[in-house]
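*Asks:* below: sequence and its predicted model.
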Amino acid sequence: MSSPAAGSVPATFARALDALRSRFSPTTIAIACSGGLDSMVLLHLASGWCREHGHTLLVFHVHHGLSTNADAWQRHVEASAAALGVRADHRHVQIDTGGSGVEAAARKLRYRALGDLCREHRATLLLTAHHLDDQAETVLLQLLRGSGPAGLSGMDAANSAPELLGNPELVMARPLLPLSRTELEAHARALGLDWVEDESNSDTRYARNALRHRVMPALG
């Protein structure tokens, strides 16, 4: 997969948002923000674009309670949003850690919480920070699971997912999808952005992490 030059991060984002505005005409836009690198870049880019174009931006954070650092991550997101003059809200979700599918359960509860927050605040467009590396991992995971052609197409730039979000009026979009994590990190460092590191991202017991740390480097 090819990727834009590092200096084009804001331009790539702006093109994606311009297209989304033309297609869906949102008034209130929300972003999902964990506090990690990708979502902090998304927060910074979205706040600037919404301020320029007169859209209301909201920042939503889901507190999973799986890490001892979870409270600090929430505070980081809230403080970062406040520094940009953006309103933030959060939801706590309770995950059964006794089962083997913690990752899948967390994902399901996270998206349902985001859908509920969007409904409550009347946001019709939800932005997530998925990027090019996530796309490659998703396609490889689907391939390993024996997915058909639909699964191998990867994530869409924008789609509705009422079963996942519990909100049929909501569109979920991924404006960073053409950009690699390396490009996002270079952009974040150039701007002096701060982000948190989720220690679970290095746990290779999770399938996506195993791909990220063991398989993808070998393929590269």
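*Replies:* Perfect, I can see it now. Numbering: from 1, shown residues only.
*Asks:* alpha carbons only for contacts and neighbour counts from here, please
*Replies:* Will do.
*Asks:* which parts of stretch 132-143 are buried?
*Replies:* Judged by neighbour count (16 or more other CA atoms under 10 Å), stretch 132-143 contains these buried residues: 132-142.
*Asks:* and the helices in the protein?
*Replies:* 9-24, 37-53, 70-83, 102-121, 132-144, 149-152, 162-165, 181-191, 207-210, 216-219 (DSSP state H).
*Asks:* mind putting the buried residues of stretch 132-143 in a markdown table, pLDDT and distance to S22 included?
*Replies:* Converted to a markdown table, the buried residues of stretch 132-143 look like this (pLDDT from 0 to 100; distance: CA to CA, whole Å):
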| residue | pLDDT | distance to S22 |
| --- | --- | --- |
| L132 | 93 | 23 |
| D133 | 90 | 27 |
| D134 | 89 | 26 |
| Q135 | 89 | 24 |
| A136 | 83 | 28 |
| E137 | 80 | 30 |
| T138 | 77 | 28 |
| V139 | 70 | 29 |
| L140 | 74 | 32 |
| L141 | 72 | 33 |
| Q142 | 68 | 32 |
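*Asks:* any stretches of this structure with poor pLDDT?
*Replies:* With pLDDT under 70 as the threshold, the chain has low-confidence stretches at 1-7, 97-100, 142-153, 200-220.
*Asks:* and with 80 instead?
*Replies:* The chain contains residues with pLDDT under 80 at 1-7, 96-101, 138-153, 199-220.
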